[in-house]
Structure formats: structure tokens, C-alpha cells
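S.K.: the sequence and its predicted three-dimensional model are supplied below.
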Amino acid sequence: MQEMVVFTIFKVIEAPIEEVFAYLTDDEKIKEWNSLFVENIYDSEEDKNAWYTWREI
């Protein structure tokens, strides 16, 4: 079995949860805080809007 690399980041953010979630899940904003992120690939536009299924590269 191949070992998986796991990153954990813990940060308290003084903001409404909805605002924080929107920021952390915005593909363009992810690039600001995650230097390893290249892109998310969604199976459909519906999936992108609802966060059903995606592959992170």
C-alpha cells in the first residue's frame, strides 16, 4: 500500500462560517492559500455549483 501525504492546517478565523466556506471553496481563491493547488476538474457544471464530485490536481 502506498503511503498518502496528508497536510493539516488549523487556523481560527473570526468571520461568519458562510463567508469562510465560500472563500475556501472558491477555485481562484484556493490558489491564494494553497501553493500545491492547480485546478479542480468537475464532472459537470452542476457538480461545480453543488460540490458533488470533483478531482483536485
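M.R.: Sure thing, it's come through.
S.K.: for Asn40, see how far away the most centrally placed residue in the chain is.
M.R.: Centroid check for the chain by C-alpha atoms, centre = their mean gives Thr25 as the closest residue, at 4.6 Å. Separation of Thr25 from Asn40 (C-beta to C-beta, to the nearest Å): 9 Å. From N, CA and C alone the C-beta is placed, and that goes for glycine too.
S.K.: now Glu32
M.R.: Distance from Glu32 to Asn40, by C-beta to C-beta: 15 Å.
S.K.: which of the two has more residues huddled nearby?
M.R.: Set side by side, Glu32 and Asn40 show more neighbours around Asn40, with 15 against 10, by other C-beta atoms under 10 Å.
S.K.: Ile30 is in contact with Leu24, correct?
M.R.: Yes: Leu24 lies in contact with Ile30 (C-beta atoms under 8 Å); the separation is 7.3 Å.
S.K.: tell me where this protein has helices.
M.R.: With DSSP state H as the criterion, the chain has helices at 17-24, 27-33, 45-50.
S.K.: count of residues packed around Val20?
M.R.: Neighbours around Val20, by other C-beta under 10 Å: 13.
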